[in-house]
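J.: Fold the following, please.
(one chain, ligands or ions: 1)
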Amino acid sequence: MYDPKAETMSRAEIADLQLAKLKHIVNYAYENVKMYRDKFDAIGLKPEHIKTLKDIEKIPYTTKDDLRENYPFGLFAVPMKKIIRLHASSGTTGKPIVGGYTRRDLDNWATCIARVLSMAGATDEDIIQVSFGYGLFTGGFGLHYGIEKLGATVVPVSSGNTDRQLMLMKDFGVTALVATPSYAMYLAEKAKQTGIIDDLKLRMTIMGAEASTKEMHDALRNIWGVFPTENYGLTEVGGPGVSGECREKCGMHINEDFFYPEIVNIEQNKVLSEGEYGEMLLTTLDKEGMPILRYRTKDITALDYSPCKCGRTTARMARIIGRTDDMMIIRGVNVFPSQIEGVIMSVPELGNNYEIIVDRVNYMDTIEVRVEVGDGALLTNYANLENLVEKTRAKLKSVVQLDVKVKLVEPFSIKRGEGKVKRVTDKRKIFDIKE
Ligand code: DLL
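T.: Residues are numbered from 1 along each chain as shown. Got it, this is the predicted structure:
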């Protein structure tokens, strides 16, 4: 454990610390960020009204639009002189989300990452290759400084050039790989194809930055033959390091002295109880550069406050089952891409790469899954092929309650990415996406 004192406090100690930090950060945001002052003043809320942790519910949510409207530096709570690093989300549309870090923020960030790495089983003996992009994306630099803080050896290879990645993994004796799950899978396929996999010293994959299912982790564990864990974070609250899985793999431990999580039902404007799934809100408890109160992450998860077998007492968040904005509504049925991935990964004859195409034909929603077969020879036998399509379709129907068209394609025929994968193409003109 990297930080036993912080990671094994009693729940009462955690609550006390969180309340003290919450009171401070609310006051700090009110005093130093105009947007928060305006939001509080509009409803007559004063920082001193926050007397208990539950009082956080009085504070209005912060949304992505708030961040966009204050682009680029409107939410910074310190003069620019004190900001020593900027990051930004890749953002597919419009302006990116910007984060500003003071020296203290960077140090806390590295601590959070060092903890996450240690949860995953890494030590100062490890040689860790970072295959996240280095740049405005928080993944590369975020993991980098955490690895250094842990005292492990960092290989800052960044993203891209898969052959070179594998060569370095072999030549440097890399023991841990940091990547998105989809890129870790691509690297594994290549390593297997070229036979290089047998010459590696890898002992774990540490993944994050995109959703993945238990089945995907099982497939990764199978192909690499090493232990996978995942970790979570987002640019808006600083990047990776919010939470990470330990070797028990029973949810991601939240760095609760830095982040206060809540799960809410947005439609009912209600904070949910332990174990209930809903959208996660995050409040940064210790950010100088850009404090964020009750940020709507859009990520859907649930919390578990019971102590973990690993000895940590920090709350665990369940694997993200989807985002409120990636939920597809197909003929009135709610479908998450993760449900489809779960089915695909559980059919042994299927490969690990797939895409989902949603369309509207004659006013009727259609959904097609294109998935690579594990072995190209399958495609030459019509009867086998039909059986496999049928089997997959039946499994999908039982999980998503919809007829899903299944198209099997050659291994390696679906484009692979080096960062975050985009699996869904929604061609419908009208988007019935829930806010
Ligand atoms: O992806 C930060 C990060 C980098 C996390 C490296 C972990 C490792 P953004 O680019 O702002 O930041 O994207 C944040 O990615 O709201 C989730 O929807 C998704 N995401 C991140 N980690 C996970 C995960 C980084 N472990 C958005 N499981 C978040 C599921 C994840 N989704």
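
J.: Can you name every helix or strand that the helix of greatest length in the chain contacts?
T.: Under DSSP state H, the helix in the chain containing the largest number of residues is helix 11-32. Here helix 11-32 touches helix 34-42, strand 278-284, going by 3 or more C-beta pairs under 8 Å, 6 or more residues apart in numbering; DSSP states H and E. Every C-beta, even on glycine, is put in place using the N, C-alpha and C of the backbone.

J.: Nearest to the ligand: which residue in the stretch 1-150 of the chain?
T.: residue 139 (3.5 Å; C-beta to the nearest ligand atom).

J.: any idea which element the residue in the stretch 251-400 of the chain positioned nearest to the ligand lies in?
T.: Closest contact between the stretch 251-400 of the chain and the ligand, by C-beta to the nearest ligand atom, is at residue 320 (3.7 Å). Under the criterion DSSP states H and E, no helix or strand holds residue 320.

J.: Burial check on it, number of neighbours?
T.: Counted with other C-beta atoms under 10 Å, residues neighbouring residue 320 total 22.

J.: And the contacts of stretch 9-27?
T.: With C-beta atoms under 8 Å, 6 or more residues apart in numbering as the test, stretch 9-27 has contacts from 47-48, 50, 52-53, 56, 59, 256-257, 260, 283-287, 291, 293, 305, 313-314.

J.: follow-up on the earlier one: tell me the most buried of the helices and strands packed on helix 11-32?
T.: strand 278-284 (a mean of 24; mean count of other C-beta atoms under 10 Å).

J.: What residues are bridge-paired with the closest residue to the ligand within the chain?
T.: In the chain, the residue found nearest to the ligand is residue 208; the distance is 2.8 Å by C-beta to the nearest ligand atom. Beta-bridge pairing for residue 208 (DSSP bridges): residue 231.

J.: That one and residue 183 touch, don't they?
T.: No - using C-beta atoms under 8 Å, residue 208 is not in contact with residue 183, being 11.1 Å away.

J.: would you list every one of the helices in the chain?
T.: Ranges of helices in the chain, per DSSP H, are 4-7, 11-32, 34-42, 64-69, 103-120, 138-150, 162-171, 181-194, 214-224, 337-346, 382-400.

J.: so which of those helices comes closest to residue 353?
T.: Smallest distance to residue 353 across these (C-beta to C-beta): 7.4 Å, for helix 181-194.

J.: Which residues outside that closest one are in contact with it?
T.: Helix 181-194 has contacts (C-beta under 8 Å, 6+ apart) with 131, 159, 162-163, 165-166, 169, 177, 179, 196-197, 200, 205, 207, 210, 212, 216-217, 219-220, 223-224, 228, 230, 352-353, 412, 416-421.

J.: Can you pull the residues of the stretch 251-400 of the chain lying near the ligand?
T.: Contact residues (C-beta under 6 Å from any ligand atom) of the stretch 251-400 of the chain with the ligand: 297, 299, 320, 323.

J.: Could I get those residues in CSV, plus columns for pLDDT and distance to residue 250?
T.: What follows is those, written out as CSV (pLDDT from 0 to 100; distance: C-beta to C-beta, whole Å):
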residue, pLDDT, distance to residue 250
297, 97, 21
299, 97, 18
320, 96, 15
323, 93, 22
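
J.: Straight-line length of stretch 245-258, end to end?
T.: 17 Å (C-alpha to C-alpha, to the nearest Å).

J.: Make residue 1 into 579 and carry on from there
T.: Renumbered: residue one is now 579, and that last one reads stretch 823-836.

J.: List the buried residues in that stretch.
T.: Residues of stretch 823-836 classed as buried: 823-824, 829-836 (neighbour count, 16 or more other C-beta atoms under 10 Å).

J.: what pLDDT, on average, does that stretch get?
T.: The predicted model assigns stretch 823-836 a mean pLDDT of 98.

J.: which other residues reach that stretch?
T.: By C-beta under 8 Å, 6+ apart, the list of residues contacting stretch 823-836 from outside reads 584-585, 592, 595-596, 599, 686, 690, 693-694, 697-699, 795, 805, 807-810, 819-822, 839, 862-864, 881-882, 886-888, 890, 892-897.

J.: Which among these count as buried?
T.: 584-585, 592, 596, 599, 686, 690, 693-694, 697-699, 795, 805, 807-810, 819-822, 839, 862-864, 881, 886, 888, 890, 892-897.

J.: My understanding was that residue 753 contacts residue 701; is that so?
T.: No - Residue 753 lies out of contact with residue 701 (C-beta under 8 Å); the separation is 9.5 Å.
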